[in-house]
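K.L.:
Attaching a predicted model along with its sequence, questions to come.
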Amino acid sequence: MQVIPFENLLLAFVPAAAVIAILHLWSRDAKEALYGFGRMLLQLSIIGYFLIYLFEANTGWFVLAVLAVMVMVASWISLRTIKLARTVLYPVALLSVLLGGGVTLLIIVQGVLALDVWYAPRYVIPLAGMIFAASMTSISLAGERYMAERTRGEDYIAARSTALKAALIPITNSLFAVGLVSLPGMMTGQILSGVSPLVAARYQIMVMCMMYAAAGLSAALFLLLLKGREVDLPED
């Protein structure tokens, strides 16, 4: 695969900077976007070096520790859009990501890929990242929509149904668009590295299934566990 020179990489920031400029002009509130890009650069720079060490270490306990950190961070970030104290809902989010994402990851690495070494970091860590990110996003969307519906006076059942549908909109749109509008990241990366498009398509099918499952299971668990933990919201 072609190595991207740093000076060429800078060009990728030009259209992103244009979006940030528009956001600033329209809302005078581009701080979050700038902060997000700053964190992205720092985190990806660090993780690039860290993954080299992780792949060489190749120990099960170390991989489990990394997965635990991923679950805890994803659970915390998933509550960013919910206007309640994070400490109140964090155990709910943590359990939802752990079960919804963890079960999906286990099925993929042991059932679909049937890895000889269950903790093979070159497979487990990237796949876990995609799965826990899907869980995180779905919980964030589900929680925000659920709270909005409950504030409007909807009962628990109606709010839960609406929230789950809203949480699945991004991944459902991806199901419709994949192969027609977009070639997702894993498939594109494999094709660029010389893998047969037919093999890459199988991996992408696996990825779409696991992300839909992780998103749906985590959001459903979160909404089920959320009942009775609301603050200052109307009762059923």
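P.N.:
Cool, the structure landed.
K.L.:
And for Leu223, the neighbour number?
P.N.:
When neighbours are defined as other CB atoms under 10 Å, Leu223 has 23 of them. In this view, the C-beta of every residue, glycine as well, is placed from N, C-alpha and C.
K.L.:
what do you get for Ala85?
P.N.:
Other residues close to Ala85 by other CB under 10 Å number 10.
K.L.:
could you pull out the helices for the chain?
P.N.:
In the chain, helices defined by DSSP state H lie at 6-9, 13-27, 31-57, 60-78, 86-106, 121-151, 156-167, 169-177, 185-192, 197-226, listed in chain order.
K.L.:
Same list (those) but as JSON lines, adding mean pLDDT and distance to Ala114.
P.N.:
Compiled in JSON lines, these are given as follows (pLDDT from 0 to 100; distance: least, CB to CB, whole Å):
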{"stretch": "helix 6-9", "mean pLDDT": "82", "distance to Ala114": "37"}
{"stretch": "helix 13-27", "mean pLDDT": "87", "distance to Ala114": "39"}
{"stretch": "helix 31-57", "mean pLDDT": "83", "distance to Ala114": "20"}
{"stretch": "helix 60-78", "mean pLDDT": "91", "distance to Ala114": "17"}
{"stretch": "helix 86-106", "mean pLDDT": "92", "distance to Ala114": "12"}
{"stretch": "helix 121-151", "mean pLDDT": "92", "distance to Ala114": "11"}
{"stretch": "helix 156-167", "mean pLDDT": "94", "distance to Ala114": "30"}
{"stretch": "helix 169-177", "mean pLDDT": "87", "distance to Ala114": "25"}
{"stretch": "helix 185-192", "mean pLDDT": "70", "distance to Ala114": "18"}
{"stretch": "helix 197-226", "mean pLDDT": "90", "distance to Ala114": "12"}
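K.L.:
For Val112, find the nearest of the ones you listed.
P.N.:
Comparing these by their distance to Val112 (CB to CB), the top pick is helix 197-226, with 5.6 Å.
K.L.:
Tell me who's in contact with Arg86.
P.N.:
76, 79 (CB atoms under 8 Å, 6 or more residues apart in numbering).
K.L.:
How about Arg122?
P.N.:
Taking CB under 8 Å, 6+ apart as the test, what Arg122 contacts is Phe55.
K.L.:
per-residue pLDDT, Glu230?
P.N.:
As predicted, Glu230 sits at a pLDDT of 59.
K.L.:
Would you map out the domains in the chain?
P.N.:
1-57, 59-226 (automatic domain parsing).
K.L.:
His78 and Leu115: what is the separation?
P.N.:
Slight slip there: residue 78 is Ser, not His. With the distance defined as CB to CB, to the nearest Å, Ser78 ends up 27 Å from Leu115.
K.L.:
Determine which stretch of the domains of the chain is the most buried.
P.N.:
domain 59-226 (a mean of 18; mean count of other CB atoms under 10 Å).
K.L.:
Straight-line length of that one, end to end?
P.N.:
End-to-end distance for domain 59-226, by CA to CA, to the nearest Å: 36 Å.
K.L.:
Off-centre distance for that domain?
P.N.:
Domain 59-226 sits 5 Å away from the centroid of its parent chain (CA atoms, centre = their mean, to the nearest Å).
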